[in-house]
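**Q** Sharing a model prediction with you, sequence too.
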2 protein chains.
Amino acid sequence: MLSFVNHLHAQHCPTYEFYRGEKVPCFEKVERYDYVIEALKANGHEVSFATSSANEVLAQVHSQRYLDFLSSAWSRWLALDTANASVQPFPSVWPIRSLRDDKEPDNFIAQLGLYSMDNGTPMVAGTWQAVKQGADCAASGASHLATTGRPSFVCSRPPGHHAGSDFMGGYCFLNNAAIAAQTLRNHGAAKVAILDVDFHHGNGTQSIFYERSDVFFISIHGSPTSEFPFYLGYADEIGQGEGKGFNLNLPLAAGASVETWFDALNTATQAIQQFAPEALVISLGVDTFIHDPISKFALDTPDYFKMGDCIASLKLPTMFVLEGGYAVDAVGENVVNVLNGFESFVSSNA
Amino acid sequence: MLSFVNHLHAQHCPTYEFYRGEKVPCFEKVERYDYVIEALKANGHEVSFATSSANEVLAQVHSQRYLDFLSSAWSRWLALDTANASVQPFPSVWPIRSLRDDKEPDNFIAQLGLYSMDNGTPMVAGTWQAVKQGADCAASGASHLATTGRPSFVCSRPPGHHAGSDFMGGYCFLNNAAIAAQTLRNHGAAKVAILDVDFHHGNGTQSIFYERSDVFFISIHGSPTSEFPFYLGYADEIGQGEGKGFNLNLPLAAGASVETWFDALNTATQAIQQFAPEALVISLGVDTFIHDPISKFALDTPDYFKMGDCIASLKLPTMFVLEGGYAVDAVGENVVNVLNGFESFVSSNA
């Protein structure tokens, strides 16, 4: 499968994040990418740098003020103090209910809080370069699918599915899956489905398309009662306004069995079939892996091949976008197993 | 002036907070209280423990689910791990826009984030005991004013004015000024005004009364464009629904002169006169002091006497509730100067 790879990913290289008030080393490591690239090459998948720019689609998915902030955040941070070059900025206050988010304060840390949902999303000097290139890869993968009808894989980090229209969170800055879906729409697909199989609910993607009927968002994930992002991902979130009926959450209890997970996948694929989209985007997190350090599902390496096979059985123009997965050395094999399972079904049904 | 003092305040004794991603020692120190008590006694002010319970009024000011959480938070935290006895819990994700706040997750840290606006409000084993006693002092001060017509001072820490109906923040857990105002309403005062002179906008108090016409909230504070809490306190916030016209914010640029500050106080007292309340609650922060370590106004110790005098010139039944002020050794003298200025006007106009 042609893979669009983010060769600038390592410019986003934070060293620590906050977890429950303690500084801890980042789970979302640079090495995640290396393992996936190695597995792609070992399995004969072709790789390409980005061939399209996401410049236009970015403003359809994210708010302009957020893009302005994100693209200039590091220079704003340095402008406060040149010694900040070696310091990761973190917010300290957030505009929750009763507080306003319509005004951007002059204070940089308050700006960072305005555009964040957590304090677990560290930023460094090269973050914008890395995430912008990731967005370009997502646009490229979607353009490739739209113009050739052939599947693609977007190999990029950091992930994207927690990023909302105007906020970062959960290691995510730009929402690559949303960028891919919108690019497919721009290429003429009337209806696009996004299936998010990451362990964590894709709150950003859901919220971006929550009032739209042209993009159907489906997510299988650990229940928000116990799992990040905690405040979204319940089954009663079915979309709003024109989007009503075009959002499907399938939360599973932490510790759910592999069988339960595949039952949910079956429910998801049936709903996608009924929606009958012209293209499908998979938010491909492999933190559903039994040995993932921060997640609580039980999939094992061969299950990822089966996952790819199930997705392929939909017989839809399909692309994959890398999201989470933190059991670093296994991430490569698990991701590539999904792609291989997909391609195996396609060739045996050609 | 009769002062209702929170003798349990020292049970709230956190050692560190987060400021821009770094652990720093708490600014809101136990010693703040000691300096105020010392100054009260040195100036002949009588002190009393709480004489009323805030049990009933608490549920009028705060949501029941927040009270349930706060009163049981430490035992919930210990239930996770007995080793947590010596660990201050901090949230790591917050339900900002597009995320839900209508469901309480089972996860304790997610609960903490649901009920917080920042990660600068540390909690320890005795926090509930301390803040509940503070609420009792606020109810007692208000009852004393309502039943005797004589002024009172509520000497308690931590402060309260950043705490909203269902969230903590800015060192605050229960909103003592709101508890005092509601207690005065319960005692029959048809209209109550709250004047907040703390350096920081009293976002919690504003939001609690934002849709009510019976409690007029007025605040003089550092502009939210550069100062905490950043996301509320603009001049265009005038109240909503029935509360429209009953909220007045007077934000001043950081670095505003003493003259500018007293001009704003003059505007505030004129607005209070026009409202003609039956009682007045002062949210008395003295972080407007020129040597305060985290604030940016320029008032000096004699200015606090003048402040008390100006407030007394309204000739209203008045009570004072301690809020911020972090230049520890000066906090006592500055607070008591306000009370002395108030009493001096009263006796010379008796």
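**A** Arrived safely, thanks for sending.
**Q** Mind pulling up the pLDDT for the nearest residue to A:Phe173 once chain neighbours are set aside?
**A** The shortest distance from A:Phe173 to any non-neighbouring residue, by Cβ to Cβ, 6 or more residues apart in numbering or on different chains, is to A:Val131 (4.3 Å). From N, CA and C alone the C-beta is placed, and that goes for glycine too. pLDDT recorded at A:Val131 is 98.
**Q** One more: A:Glu22?
**A** At A:Glu22, the model reports a pLDDT of 82.
**Q** can you check A:Gly120 too?
**A** 89.
**Q** A:Ala142: neighbour count?
**A** Around A:Ala142 there are 33 other residues, counting by other Cβ atoms under 10 Å in any protein chain shown.
**Q** What is the strand or helix carrying A:Tyr35 packed up against?
**A** Using DSSP states H and E, A:Tyr35 sits within helix A:31-42. Contacts defined by 3 or more Cβ pairs under 8 Å, 6 or more residues apart in numbering or on different chains; DSSP states H and E place helix A:31-42 against strand A:2-5, strand A:47-48, strand A:152-155, helix A:328-348.
**Q** In terms of secondary structure, what does the last one contact?
**A** To tie it back to what came earlier, the one meant is helix A:328-348. The helices and strands touching helix A:328-348, judged by 3+ Cβ pairs under 8 Å, 6+ apart, are helix A:31-42, strand A:279-284, helix A:301-312, strand A:318-322.
**Q** Tabulate the ones you listed (CSV), appending mean pLDDT.
**A** Shown next, in CSV, are the helices and strands packed on helix A:328-348 (pLDDT from 0 to 100):
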stretch, mean pLDDT
helix A:31-42, 97
strand A:279-284, 98
helix A:301-312, 98
strand A:318-322, 98
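**Q** how about the helix holding A:Tyr35: buried residues?
**A** Going by neighbour count (16 or more other Cβ atoms under 10 Å in any protein chain shown), the buried part of helix A:31-42 is A:Arg32, A:Tyr33, A:Asp34, A:Tyr35, A:Val36, A:Ile37, A:Ala39, A:Leu40.
**Q** can you list contacts of stretch A:187-196?
**A** Residues outside stretch A:187-196 that contact it (Cβ atoms under 8 Å, 6 or more residues apart in numbering or on different chains) are A:142-143, A:146-147, A:161, A:177-178, A:181, A:184-185, A:202, A:205, A:209, A:214-221, A:268, A:272, A:275-283, A:285, A:311, A:316, A:323.
**Q** quick one: which of the residues you listed sit in strands?
**A** Using DSSP state E, the members of the contacts of stretch A:187-196 that fall within strands are A:Val215, A:Phe216, A:Phe217, A:Ile218, A:Ser219, A:Ile220, A:His221, A:Ala279, A:Leu280, A:Val281, A:Ile282, A:Ser283.
**Q** So A:Ala135 is in contact with A:Ala54, correct?
**A** Yes - A:Ala135 is within contact range of A:Ala54, at 3.8 Å (criterion: Cβ atoms under 8 Å).
**Q** which neighbours do the two share?
**A** Common neighbours of A:Ala135 and A:Ala54 (Cβ under 8 Å, 6+ apart) are A:Leu174, A:Ile179.
**Q** Between those two, which is the more surrounded one?
**A** Per other Cβ under 10 Å, whichever of A:Ala135 and A:Ala54 has more neighbours is A:Ala135, with 31 against 26.
**Q** Please give me every residue in contact with that one.
**A** Applying Cβ under 8 Å, 6+ apart, the residues contacting A:Ala135 are A:Ala54, A:Val57, A:Leu58, A:Leu174, A:Asn176, A:Ile179.
**Q** A:Met168 too?
**A** Residues counted as contacts of A:Met168 (Cβ under 8 Å, 6+ apart) are A:Leu70, A:Tyr115, A:Ser116, A:Met117, A:Thr121, A:Met123, A:His162.
**Q** Please produce TSV containing the contacts of A:Ala135, extended by distance to A:Gly239 and pLDDT.
**A** Formatted as TSV, the contacts of A:Ala135 follow (distance: Cβ to Cβ, whole Å; pLDDT from 0 to 100):
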residue	distance to A:Gly239	pLDDT
A:Ala54	25	98
A:Val57	22	98
A:Leu58	23	98
A:Leu174	23	98
A:Asn176	21	98
A:Ile179	20	99
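**Q** These in helices, which ones?
**A** A:Val57, A:Leu58, A:Asn176, A:Ile179 (DSSP state H).
**Q** Fine, thanks again, bye for now.
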